[in-house]
Structures are given as C-alpha cells and as structure tokens.
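Asker: Here's my sequence, what's the structure:
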Amino acid sequence: MKRIMIMALAALTALSACKQQSSEEMLQGFTDLYQEEVNHMQEAFREMATDANRSEEEVADAVAEIEAEMKDRLLAAADKIVRKAPNDTVVIPGVMRYLASVVDPEDMAGLADKIGADALQVPYVARLVTRINSSKATAVGSKFVDFTVDHVASVDKDGNPVYEKRSLSDYVGKGKVMLVDFWSPWCPPCKEEIPNIKNVWEKYHGDDFDVLSVAVWEESRGMTWRNTIDTAAFFGMNWQLLNNGHSEPTDLYGITGIPTLILFDKDGTILQRGEALRGSAMAPAVAAALGR
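Answerer: Modelled structure (predicted):
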C-alpha cells in the first residue's frame with residue numbers, strides 16, 4: 001500500500017504542473033496514473049487472495065477499501081485537470097473515458113459540473129455528463145423517476161406480441177418496499193444475481209415488499225422480449241417482470257452497467273442503489289428497509 005501511495009503522489013505532483021503542458025502531455029500524465037493505480041490494485045488483490053490469514057469477509061473489506069482509495073486519487077487528479085483545462089477537447093474526453101471505467105457516474109457529479117462548454121460539445125462527453133446528471137437526480141434520498149415501457153404481456157393466436165404500456169409508478173410508491181432489478185437475458189452477471197433476488201423475494205414478499213425485474217438493452221445483443229420471457233421462466237423468476245425496456249429506464253437512472261439494483265421505500269424514495277445491493281449485501285439491505 002505504501003508503494004501505491006508514493007507512486008500516486010508522484011503522478012499527482014506531475015499532474016499539478018499540467019498548466020504548462022500540452023493537451024497530449026496532460027492526457028498522458030493521467031493515463032500513466034490510471035495504469036499505475038490499476039496495476040497496483042491488481043497486485044494488492046493477488047497478495048490478499050493468497051493470504052491464508054485473512055477471512056473472506058476481511059478480504060472483501062480490504063478490496064473495497066483499496067478500490068475506494070484508488071477512485072478518490074483518480075477523481076482528485078481528474079479534478080485538477082478539469083479545473084485547469086475545462087474546455088480542452090482532447091484531454092477532457094480522454095480523462096473522462098478512463099475515469100468512467102472505474103468510477104460510478106454518481107461519484108463524478110462534482111467533476112461534471114466543472115467541464116466547460118467547448119468540451120461538452122464532444123459527443124462522448126455530452127452523453128457521459130447526461131448519465132452523470134441522471135444518476136445525480138436519482139441518487140439515494142431522491143424520489144423515483146417514472147418511465148413507461150411497451151411490455152409484451154402475451155401473444156395472440158398468430159404468435160404476434162400483445163403490448164401493454166406499463167410504468168414504474170404502477171409498482172413503486174404504492175405502499176410497498178420495492179427491489180427493482182435492471183437486467184437483460186444475455187447478461188451473465190445478471191443471471192448470477194437471480195438466486196440472491198429469489199432468496200429475498202421468497203423470504204419477504206407480501207403486503208410490504210415485492211420485487212420487479214425490468215429487462216433493458218435486449219436488442220443490444222440481438223435478443224428480444226421472447227428471450228427475456230424464456231430466460232425468466234428458466235430461472236424461476238416468479239416475481240413482477242417487465243420486458244422490452246430498451247434504454248429509457250437506464251438513461252433516466254444514469255445506469256451504465258447491469259445488473260443494477262435499486263431499493264425503493266414505500267413512498268418511492270430511493271433507499272439504496274448499485275453495489276450496496278449486490279450479492280451478500282442484498283438480503284441485509286432489504287431486511288433493514290423492512291425493519292426486520
């Protein structure tokens with residue numbers, strides 16, 4: 001860890017002089033810092049994985065701490081660059097691309113506010129800032145943002161889809177704590193979360209709790225609502241389901257990767273979202289929301 005800190009500080013020192021550097025030099029400085037951080041994080045992970053004296057829980061806590069420290073250092077470095085060159089159409093897109101690969105959109109809100117008008121004209125930057133702002137608007141403590149999908153409720157006698165318009169507000173803010181899962185049938189990590197979702201649904205669903213899975217981005221891997229229905233049946237997803245979601249739900253919630261889970265309170269307030277609900281963290285978060 002000491003080695004990581006020393007190298008990160010050296011890179012940050014070099015970045016502090018970026019006012020006299022060209023765009024290419026500034027971007028290269030950030031690229032070097034990013035690669036050093038990622039390399040040393042991976043090295044630390046390998047060391048922990050072979051440490052027989054650490055429990056699985058201790059390893060998970062240490063990993064989370066290392067990741068958080070890495071993200072903080074990269075955000076600090078990016079902030080210095082954006083403050084000094086807010087309109088640079090070379091360095092800003094490059095820095096934001098690297099940063100977005102390891103930092104969640106909601107954690108980049110302060111940085112996005114400092115990007116200048118010229119850099120915002122770059123299509124990638126504009127799309128990323130839109131996602132960041134959407135994530136900020138749907139952060140923990142915010143009320144839900146509604147969306148409507150053309151859900152395929154059934155098929156007619158000729159096998160054609162029968163569409164029904166369904167909205168998030170049909171489920172959220174109706175007096176139940178709701179765990180909403182944004183997923184897709186082609187997504188392996190989404191399928192890995194299904195047993196965790198099934199466990200909490202079987203344990204808690206009733207008058208004060210339910211689950212809703214919303215299929216998004218089906219078409220991005222050549223799949224359709226048919227694949228969603230078949231996959232849900234195969235995995236025994238017997239809770240509330242919406243298919244054919246496309247990208248509107250994820251755009252509104254600033255979601256850049258799936259699965260993403262969001263826990264809503266009975267009045268539709270967002271209680272938790274993202275990694276705080278993944279894996280073994282899911283059941284305790286639901287139990288706490290229900291006061292169990």
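
Asker: any idea which helix or strand carries I132?
Answerer: helix 123-137 (DSSP states H and E).

Asker: which of the residues in the strand or helix carrying I81 are buried?
Answerer: Assigning secondary structure by DSSP H and E places I81 in helix 56-84. Residues of helix 56-84 classed as buried: 62, 66-67, 69-71, 73-75, 77-78, 80-82, 84 (neighbour count, 16 or more other Cβ atoms under 10 Å). In short, each C-beta sits where N, CA and C put it, glycine included.

Asker: what is the mean pLDDT for it?
Answerer: For helix 56-84, mean pLDDT is 89.

Asker: if we can go back for a sec, out of the buried residues of helix 56-84, flag the one nearest to N133.
Answerer: Proximity of these to N133 (Cβ to Cβ) peaks at V82, which lies at 15.7 Å.

Asker: right, and the closest one touches P93 too?
Answerer: No. Under the criterion of Cβ atoms under 8 Å, V82 is not in contact with P93, lying 11.5 Å apart.

Asker: Which parts of the protein are strands?
Answerer: 148-155, 161-167, 177-183, 209-215, 240-242, 260-264, 270-273 (DSSP state E).

Asker: any residues touching the fifth one, and which ones?
Answerer: Which is strand 240-242. 149, 151, 166, 171, 210-215, 228, 232 (Cβ atoms under 8 Å, 6 or more residues apart in numbering).

Asker: so which of these would you say is closest to L128?
Answerer: Closest to L128, out of all of the contacts of strand 240-242 and judged by Cβ to Cβ, is V214, at 22.6 Å.

Asker: one step back: for the helix holding I132, packing partners?
Answerer: helix 91-100, helix 109-112, helix 248-252 (3 or more Cβ pairs under 8 Å, 6 or more residues apart in numbering; DSSP states H and E).

Asker: Give me the buried stretch members for it, please.
Answerer: 125, 128-129, 131-132, 134-136.

Asker: how long is stretch 256-266 end to end?
Answerer: 26 Å (Cα to Cα, to the nearest Å).

Asker: Quick check: buried residues in it?
Answerer: 258-266.

Asker: what does stretch 89-109 give?
Answerer: In stretch 89-109, counting by 16+ other Cβ under 10 Å, buried: 89, 91-96, 98-100, 102-109.

Asker: what ranges of the stretch 101-250 of the chain fall below the confidence cut-off?
Answerer: The stretch 101-250 of the chain contains no residues with pLDDT under 70.

Asker: quick one on the thing from earlier: now the angle from the helix holding I132 to helix 91-100?
Answerer: Here helix 123-137 runs at an angle of 50 degrees relative to helix 91-100 (axes from the mean of the first three to the mean of the last three Cα atoms, to 10 degrees).

Asker: Skip the chain neighbours and tell me the closest residue to C187.
Answerer: Leaving out its chain neighbours, the residue that sits closest to C187 by Cβ to Cβ, 6 or more residues apart in numbering is I258, at 5.4 Å.

Asker: Quick one: residues contacting that neighbour.
Answerer: With Cβ under 8 Å, 6+ apart, I258 has these contacts: 182-184, 187, 189-190, 216-217, 250.
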